[in-house]
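1. sequence first, then the predicted structure, then my questions.
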Amino acid sequence: MQAVKMVITGPFSSGKTEFIGTISEIDVVSTERKISSSAEKIKESTTVAMDFGRITVDEDLVLYLFGTPGQRRFDFMWDILSQGMLGFVVMVDSTKPETFREAKRILETFESYAATPYVVAANKQDQEDAWDPEDLRIILRLRPEVKILPCVAIDKESVKNILLELLYSILEQLDEEDNA
């Protein structure tokens with residue numbers, strides 16, 4: 001059995017916990033805590049260590065999904081969670097331009113941890129004020145080969161498509177390493 005570790009990362013309130021919860025076959029192991037600060041009343045809770053979910057693709061392949069905290073004060077967990085990852089997803093809330101710079105910083109941080117495949121998920125594409133993924137590509141200064149995919153974290157098919165794109169990239173990289 002092949003186990004593939006994927007990390008789901010992104011800014012605060014970008015949809016990471018929702019993304020994992022939508023697709024996981026087990027109840028998500030979550031470290032959510034209530035937020036006491038009035039500045040962050042957009043949400044009532046936040047991830048402080050990680051979220052964990054699992055998907056059995058078939059009898060030979062299992063995906064383990066590790067969601068990172070989005071707030072900077074918990075970013076010490078990023079390095080820990082990135083250990084052994086074979087790929088990662090950067091979640092971006094397409095409706096909040098004020099978070100795009102933070103998304104870029106997180107992407108660059110995870111790129112520095114390991115030379116693994118990744119995709120960018122342009123979340124909340126079902127909302128009227130969502131930025132188009134190709135406009136996000138420009139603002140995030142993504143290289144042309146980086147996949148930026150439309151996402152609705154509460155839609156199972158949408159989440160599945162993003163994970164499949166990442167999985168194909170991971171398997172392609174593993175195949176290249178085997179043939180090198």
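-> On my side now, so go ahead. Numbers count the residues shown, from 1 in each chain.
2. mind listing the helices for the chain?
-> 16-23, 76-82, 100-113, 133-139, 156-179 (DSSP state H).
3. quick one: average confidence on the longest one?
-> In this model, helix 156-179 carries a mean pLDDT of 93.
4. picking that back up, and the helices of the chain as CSV, adding distance to residue 4 and mean neighbour count?
-> C-betas here are computed from N, CA, C, even on glycine. Putting these into CSV (distance: least, C-beta to C-beta, whole Å; neighbours: other C-beta atoms under 10 Å) gives the following:
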stretch, distance to residue 4, mean neighbour count
helix 16-23, 14, 23
helix 76-82, 14, 16
helix 100-113, 16, 17
helix 133-139, 24, 15
helix 156-179, 6, 15
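5. tell me which of these lies nearest to residue 94.
-> Closest to residue 94 of the helices of the chain, according to C-beta to C-beta: helix 133-139, at 6.5 Å.
6. for this structure, what are the low-confidence residue spans?
-> Applying pLDDT under 70 to the chain picks out residues 31-49.
7. tell me how far residue 82 lies from residue 144.
-> 25 Å (C-beta to C-beta, to the nearest Å).
8. next, the residue nearest to residue 169 when sequence neighbours are not counted: phi, psi?
-> Residue nearest to residue 169 in three dimensions, not counting chain neighbours: residue 117, with 3.6 Å by C-beta to C-beta, 6 or more residues apart in numbering. For residue 117, the backbone dihedrals (degrees, to the nearest 10) come out as phi -60, psi 150.
9. how deep is residue 117 tucked in, by neighbour count?
-> A count of neighbours around residue 117, defined by other C-beta atoms under 10 Å, yields 21.
10. could I get the contacting residues of it?
-> Contacts here follow C-beta atoms under 8 Å, 6 or more residues apart in numbering; on that basis residue 117 touches 86-87, 166, 169-170, 172-173.
11. so which of these would you say is closest to residue 73?
-> Out of these, the member with the shortest distance to residue 73 (by C-beta to C-beta) is residue 87, at 25.9 Å.
12. so that closest one sits against residue 9, correct?
-> No. Look at residue 87 against residue 9 with C-beta atoms under 8 Å: they stay out of range, at 11.2 Å.
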